[in-house]
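A.B. asks: Dropping a prediction and its sequence here:
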Amino acid sequence: MATKRIRKAAVIGSGVMGSGIAAHLANAGIEVYLLDIVPFNPGEKDDVNDPAFRNSIATRNKALLAKTKPSPIYSKRDLDRITVGNMDDNLDWFAEVDWIVEAVPETMAIKKATFDKVEAHVNDHAIISSNTSGLSIEGMLEGRSESFKKRFIVTHFFNPVRYMKLLELVEGPDTAPEVVDAMVEFGSDVLGKGIVFGKDTTNFIANRIGVHGMMTIMHLMKKYEMSIEGVDTVFGKAMGRPKSAVFRTADMVGLDTFVHVAKNCYDTLTEDEEREIFQVPDFMGTLVEKGLTGQKAGGGFYKKGKGGIQTLDLNTLAYRDREKPEFASIGKAKGAPAQRIKKVVVDGDDKAAEFAREVTLRSLAYTARRMGEIADDVVNIDRGMRWGFNWDLGPFETWDALGLQWAYDQMKAHDIEVPAWIDEMIASGAESFYKQDGATDLYYDVASKSYKAIERSEKAISVGLLKRQGATKILGNSSASLHDMGDGVALLEFHTKMNAIDPELIEMMHQAIDEVEANWEGLVIGNDATNFSAGANLVLVYMNAQSGQWEPIESMVKSFQDANQRMRYSWKPVVSAPKGLTLGGGAEVTMGANAIQAAGELYMGLVEVGVGLIPGGGGNLQLMRNVFGPHSDNKEFDPFPFLRKVFMAIGMGEVATSAEAAREYGFLNASDGVTINAENLLFDAKQRVLGMARAGFKPPRPSKFRLLGPDGAATIDMLLYSMQENGVISAHDRLIGRKLANVLCGGETNPATLVDEQTLLDLEREAFMSLCGEEKSQARMQYMVLNNKPLRN
């Protein structure tokens, strides 16, 4: 019987994928063994019996995790959960674990030899999986026992593992249902992955469709006289693809890896009607032969030159300065992804549109012809492309955006083969692959020739779903709304641009507390956006500062401080649910709650120094309260080390790059929760509110602080003076730092006097207003508004 709970795992193979899987297991709190081979080429001074030598491959690759960018780990402390070993000396470890995932090179002989060792030492309940992306399950399982086959499944992660949502699961013919169920639950709830069910075919779903699409582009680009930059301009944001588009994506993946995947398709898909599409173009083979394999090699289709980024000229295979092609159809591609794609493919009439049209129609038809071969339904294919290749819309969602009938007619007109099931679907009168019936999302099911409901986890709560289910909108204005989440919990949703904090949003915060304290069990603050909140409405602050309108600024700041304090000390529990960018005012809203349930991918910080200010909505107080609140009035504690930590976080504009990193900075407390699967975030936040309410929630006691006053501020200024003298900061940076130090040290106080929270808020507001009046701070605000990056002046 396979395990139902995975608490400890082993990863075999410590290369990019293996170490990435181990890192994300560690992110999720799982203890993991990372094993690799014993080096077979010892040096003269190597002791071949020394564990340090025998484990050196896995040790080296584990160490690389701390240096890799973007980081595969939430916190360097997560590396402590990874124990390295080797495949000769540590096979007995397999008896301890609940899951063994193999990530060795994609060679059948190596896979089978690995499984020989695994089967000889594995316990009778562990799940065994392979991270293969192309080898057949039948081949890998040849000679294995029935018990092994029942517990075996393909778990195909995408690189980088932490950031790519897709996890393809592929069952073998004998895989037990409980193994599939366990991996679905673990992959989704613990690792935060989007699960897609594929079949035992070459490169499964995402790589099969994705590589076909990219190869189609490469084979057709000459016909349309498209350069590398031209291709990436067309097949970037305008077509609902990531900014890396085609050739930049290939550079990031590695041209050698891309060639391997394409060649595997060509070699094994002998019955594929478009097999020749997978034939690698000569220019790509030449680049690989020269070692120009992309980003990891310092050059591929793009490379950094002395004057900036250079691009490969496919005619000469020499690098030249990068061009910026402009196409009318691409320039008109605005709005939501479906609107952008339609603008190009359907409405466009230039070379770029013709190129995009042919590629898209051929790719959609090819995908439709793979139905039943690589997956059983449109949902799994679309999810595979959205989660594995970061497309905004999957192939069938794209088809819907173009219009089912329009695209079908175009394919017929251009002699592009359309499968019979599409003919039947069109003949039945169906108008789309997806549609809605109230709160239920439906998809066209090929097998039954009817629409079926898309399965949805009860944990996948969203504001959009609540609205479609008929949830009551309790209150609302143009900036925020209060909704009924059910079970007596209200949800405060921000819906300004980038969820920026403005006066109407702040007013809704006040109204929400009034309403919740009177009628509800508690409050969640969250939304459906990718980013929780990018901070205050800087344009509003800047325009008022430029015109000398100080009262509206101070009124907004004071009201925002008060709103965050009311959230903190409400008689009903308030839980914030941040994800993505949670900066400035967004961080202040988050820390103003009684508890935080954060997404694992959280980018949180008090970054106001970048626009010449300090936090104004209570951020200084909140971080002080988090970092040393429990000891803030204790005579036995020296406050300076705590204040220094707070000062550096705010003064350097530090941004945590995960929820765990945010905890280390002090933005989150030890008791705050982390949800790795962002789709479950609002559900988890709601459960936290209900738990607090049912446990007899009472608001916390306000903090009082024993601070250092002018002496502490002077000590910090000595540090600032040294940094200015060494050219690390400017004179204006030092001015901002001195004002921040005055706030954090309590102004005109001394260690014998306790400073209350309102005093600190008043000091903060005074400093914020004075900096708004500084010419250089206004210049920083203007620069950020115009260029979306900070000015150092």
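C.D. replies: Perfect, I can see it now. Residues are numbered from 1 along each chain as shown.
A.B. asks: Only C-alpha atoms from now on, for both contacts and neighbour counts.
C.D. replies: Will do.
A.B. asks: how near is residue 596 to residue 7?
C.D. replies: Residue 596 sits 25 Å away from residue 7, going by Cα to Cα, to the nearest Å.
A.B. asks: For residue 763, which non-adjacent residue is closest in space?
C.D. replies: Of all residues not flanking residue 763 in the chain, residue 743 sits nearest, at 5.6 Å (Cα to Cα, 6 or more residues apart in numbering).
A.B. asks: How much space separates that neighbour from residue 614?
C.D. replies: As for residue 743, its distance to residue 614 is 10 Å (criterion: Cα to Cα).
A.B. asks: what's the overlap in contacts for those two?
C.D. replies: Contact with both residue 743 and residue 614 is made by residues 764, 767, according to Cα atoms under 8 Å, 6 or more residues apart in numbering.
A.B. asks: So between these two, which is more surrounded?
C.D. replies: Shown here are residue 743 and residue 614; by other Cα atoms under 10 Å, residue 614 has more neighbours (29 against 26).
A.B. asks: For that one, give me the backbone phi and psi.
C.D. replies: Main-chain dihedrals, residue 614, degrees, to the nearest 10: phi -120, psi 170.
A.B. asks: How about residue 8?
C.D. replies: Residue 8 adopts backbone torsions of phi -150, psi 140, taken as degrees, to the nearest 10.
A.B. asks: what's the spacing between it and residue 225?
C.D. replies: In terms of Cα to Cα, residue 8 sits 54 Å off from residue 225.
A.B. asks: just residue 700 next, same as before
C.D. replies: Distance, residue 700 to residue 225, by Cα to Cα: 67 Å.
A.B. asks: Kindly report the same for residue 538.
C.D. replies: Distance from residue 538 to residue 225, by Cα to Cα: 44 Å.
A.B. asks: quick one: which of those two has more around it?
C.D. replies: Set residue 538 next to residue 225 and count neighbours by other Cα under 10 Å: residue 538 wins out with 17 against 13.
A.B. asks: thought the more buried one was touching residue 781?
C.D. replies: Yes. If you go by Cα atoms under 8 Å, residue 538 and residue 781 touch, sitting 7.0 Å apart.
A.B. asks: and the residue nearest to residue 104 when sequence neighbours are not counted, what does it touch?
C.D. replies: Excluding its sequence neighbours, the residue lying closest to residue 104 (Cα to Cα, 6+ apart) is residue 13, at 4.8 Å. Residues near residue 13 by Cα under 8 Å, 6+ apart: 19, 34, 35, 36, 37, 58, 102, 103, 104, 105.
A.B. asks: try it again with 6 Å
C.D. replies: Contact analysis of residue 13 by Cα atoms under 6 Å, 6 or more residues apart in numbering lists 35, 36, 103, 104.
A.B. asks: One more: residue 579?
C.D. replies: 531, 532, 599, 602.
A.B. asks: most surrounded residue in those residues?
C.D. replies: In terms of neighbours by other Cα under 10 Å, the contacts of residue 579 top out with residue 532 at 31 neighbours.
A.B. asks: Pull up the gap between that one and residue 609, please.
C.D. replies: Counting by Cα to Cα, the gap from residue 532 to residue 609 is 20 Å.
A.B. asks: do the same with residue 535
C.D. replies: Using Cα to Cα, one gets 13 Å for the distance from residue 535 to residue 609.
A.B. asks: Is residue 173 in a helix, a strand, or coil?
C.D. replies: Using DSSP: H, G, I helix; E, B strand; the rest coil, the structure places residue 173 in coil.
A.B. asks: begin at 31 from here
C.D. replies: Happy to do that; since the first residue is 31 now, the last one works out to residue 203.
A.B. asks: okay, residue 626 and residue 37: which has more neighbours?
C.D. replies: Using other Cα under 10 Å, the more surrounded residue of residue 626 and residue 37 is residue 626, with 25 against 15.
A.B. asks: centre of the chain versus the helix or strand hosting that one, how much separation?
C.D. replies: Applying DSSP states H and E as the criterion places residue 626 in strand 625-629. With Cα atoms, centre = their mean, to the nearest Å as the basis, strand 625-629 stands 16 Å off its chain's centre.
A.B. asks: which residue ranges form the helices in the stretch 131-280 of the chain?
C.D. replies: Using DSSP state H, counting those that start in this stretch, the helices of the stretch 131-280 of the chain run over residues 138-151, 167-170, 176-180, 207-215, 236-250, 258-264, 277-283.
A.B. asks: Equivalent analysis for the stretch 381-530 of the chain, please.
C.D. replies: All helices of the stretch 381-530 of the chain, identified by DSSP H, counting those that start in this stretch, fall at 381-399, 408-419, 425-432, 434-443, 450-457, 493-498.
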